[in-house]
Each structure stands twice: as structure tokens, then as C-alpha cells.
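J.: what shape does this take:
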Amino acid sequence: MRDYTIGPDASGQRLDRYLIKLLPEAGKSFLQKMIRKKRIKLNGGRAEASAMLHDGDIVRLYFSDETITAFSGGPKQTVSPESLPSGLRSSFNNPVFEDEDYLVISKPAGVLSQPDHTGELSAAEAARAFIHGTETFSPAPLTRLDRNTSGVLLFPKNYEAQKRALASIRDRDTDKEYLTVVSGTITSPGELRSRLSRDGTDMKTRSGGDDSKEAVLEYRPLASADGYTLLLVRLLTGRTHQIRAQFEQNGTPVAGDTKYGSREVNRELRERFGVRSQLLHAYRYALRDDDGTYLDVSAPLPDDFAAVIRGIFSGQTLGSLQAGASGSGSLSDKRNS
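T.: Sure thing, here's the model as predicted:
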């Protein structure tokens, strides 16, 4: 038998959803059966799966310690700041933003956002060294970036902050802006709209397909030179590889992209600047609800990306390019003005 006292991070959710987070390996049907058989009680009495939990409630499980350990997925791997690669450790030690509810880092290119089959340490796992989790709350990024895309990665620090952010994402009350260098000359703002699907054979995102979904983005050129254009891109949907796939379809692929880009262009950038991954950076992320914007953060460009901008666009910095661009400001500023 084991008791769990509900704290602020678990308050405000249904009992069955709390149990699924607490014992993810048990299965929903098994947990509902245990509730019916009174092997799970709430505040000493009969429990209902739909019961709302409140701060101070006590959930009692009539399970052995061995069963609880097995259903919880076993102990989580301990991660310490000292064990992290230097680039990832620096991102967490020097966050873009942090308060009592959110931690925002600038993820380096080459780092996984979430764990995958490779077993490499991800930003989600590294976050456990900096954000205190609970039995039913584990820090996890709400935004997800490709391994070789740098920029804003957002971590809620508690259940209430997570719930608020997820509601904003569900209601599309977000701004997601990226900076990218594409191969080709683009001189005026525009929109790309298509339907995209994932190809299981080579894991590329392609146009069309029976299971395709609408993909929409807006873009505005900040500078063009030597057959390249620096763009500010605003995602209106969030499909896998969306920016990379849509600009490939547009005939202006993201520079440095080994999956969707031009080999010739990539070779030139590698020789000139040492570029080995796509020049794509999650620059700005904002969240809103009925009370207005409650989070609006920007991540500075990595040094190697900034060096490419200076090298291609006549030594200019991102700040000077933004200030000199027609209709300067973010795309969201223009839409909401």
C-alpha cells in the first residue's frame, strides 16, 4: 500500500489522468478496473475515475512496491549538470528566459529535443538536472525542434504552467518565428500553402498523400545577396519539417539542409563557412490567452549562423538587417497591428 498526497502540480486534473501519468505502464483499462475494485481510493473512500483532484487530497494505492515500480516504468535516469555536454550545459546555465513557471533555452544545433532510438542524451532528459519534477510531472519541451535546428525550446516548470501553455497551443494562440537562409533570391513577402504528408520510406515530408495535412507559413525577406536570401518565417501550422519541405517545393531550399537542400549549395557553404547543417533557427516564440500575451521570448543567433550572415550579406548583423528591411518588426507585429 502507498499513499500519494496531491500537491499544486497535480491539483485540478481528473483522477484517471493523474493515475495514467503516475503509472504509465499500467494501462487505462487496468487502472479503471482497480478503481472499481476499490484497490485505488481517494481520501479514504470510494473513488471515481472522473473525480477532480485538489491540493491536499490523498490517493491510496493497494499495490505492492514491486508493482508500483514496474507500472511507473522504473526509476528515471539521474542527470546532473556536470554530466551534460558543454554546449547543452551552457544553454541551461544561461537560459534565454526563466521565471517560476517557465524555463526557455536556446537549443544548440545537433542536440535532440526529445529522446529517440539512438539513445543520445536529449534536451528533455537534460532538463531534469535543472527543473524539479514530481511523481506525475516531468519536465518536457512544449516546442519541438529538429536535431539540426537551433533556437527557442520552452519547458514548463509545473503542471499549471504546462496546462496553460498547452491550452494556448491548442487554441493556436501562439507566434512561432524562425530565421533561415535559403538558396535563391526572394524580394517580397509571401505565403506558402500546401498539404504535406510523411513518407515512411525515407522519412521525408512531401506534398500531397492520402493522409496529408494543411501546412501554411508566411515569410518576409530581410536581405538578399550572392543568390541567397535571409528570411523571417512565421509558422501558422506545425508540420514535421514544414519550413524545410515547403521551401524545397518552392525552389528555394534552406541552405545547408542535407535532406531537402542542394548538394552544390551545401558544398559551397561548407567550404566557405564550415556549415554542416541547415541554417534554420527558431528565433521567437510567444504564448497568449484571454488575458493577453504572457510569454514572448527570442533566442539570439548562434555564433556560426551569425558569421554566415555577416559573410554573405556584406558584413551586416541581424539587427541592422531587420532595422533596414521594409516594414521592420516581426511578422506577428504586422498581422496584429
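
J.: so for the chain, the centremost residue is which one?
T.: By C-alpha atoms, centre = their mean, the chain has its centre lying nearest to Thr143, at 1.6 Å.

J.: how deep is the closest residue to that residue other than its chain neighbours tucked in, by neighbour count?
T.: Once flanking residues are discounted, Thr143 sits nearest to Leu154: 4.9 Å by C-beta to C-beta, 6 or more residues apart in numbering. Where you see a C-beta, it was placed from the backbone N, CA and C, and this is true even at glycine. The local packing of Leu154 (other C-beta atoms under 10 Å) involves 22 other residues.

J.: repeat that for the one 4 residues further on.
T.: Summarising burial for Asn158: neighbours were counted as other C-beta under 10 Å, giving 20.

J.: swap in Leu53?
T.: 21.

J.: do Asp101 as well
T.: Asp101: 15 neighbours (other C-beta under 10 Å).

J.: and the helices in this structure?
T.: 15-22, 28-36, 65-71, 86-93, 123-126, 159-170, 242-249, 263-273, 303-312, 318-324, 331-336 (DSSP state H).

J.: ranking those helices by burial, who's on top?
T.: helix 242-249 (a mean of 24; mean count of other C-beta atoms under 10 Å).

J.: what's near enough to touch the residue nearest to the centre of the chain?
T.: 113, 152-154, 176, 282, 285 (C-beta atoms under 8 Å, 6 or more residues apart in numbering).

J.: what is the nearest of those residues to Ser183?
T.: Ala282 (20.2 Å; C-beta to C-beta).

J.: what sits against that closest one?
T.: Ala282 touches 107, 143, 145, 149-153, 176-178, 299, counting by C-beta under 8 Å, 6+ apart.

J.: tell me the spacing between it and Asp116.
T.: Per C-beta to C-beta, to the nearest Å, Ala282 is found 19 Å from Asp116.

J.: span of stretch 300-320 from start to end?
T.: End-to-end span of stretch 300-320 (C-alpha to C-alpha, to the nearest Å): 14 Å.

J.: each with direction, which strands does the longest strand seen in the chain pair with?
T.: For the chain, the strand that runs over the most residues, judged by DSSP state E, is strand 213-225. Its sheet considered, strand 213-225 pairs with strand 190-199 (antiparallel), strand 228-235 (antiparallel) by DSSP bridges.

J.: how distant is the longest one from the center of its chain?
T.: Taking C-alpha atoms, centre = their mean, to the nearest Å, one finds the center of strand 190-199 at 20 Å from the center of the full chain.

J.: quick check: buried residues in that strand?
T.: 192, 194, 196-198 (16 or more other C-beta atoms under 10 Å).

J.: looking at these, which is nearest Leu61?
T.: The nearest one, if we look at the buried residues of strand 190-199 relative to Leu61 and count by C-beta to C-beta, is Arg198, at 39.4 Å.

J.: show me what contacts the closest one?
T.: Going by C-beta under 8 Å, 6+ apart, the list of residues near Arg198 reads 204-206, 211, 240.
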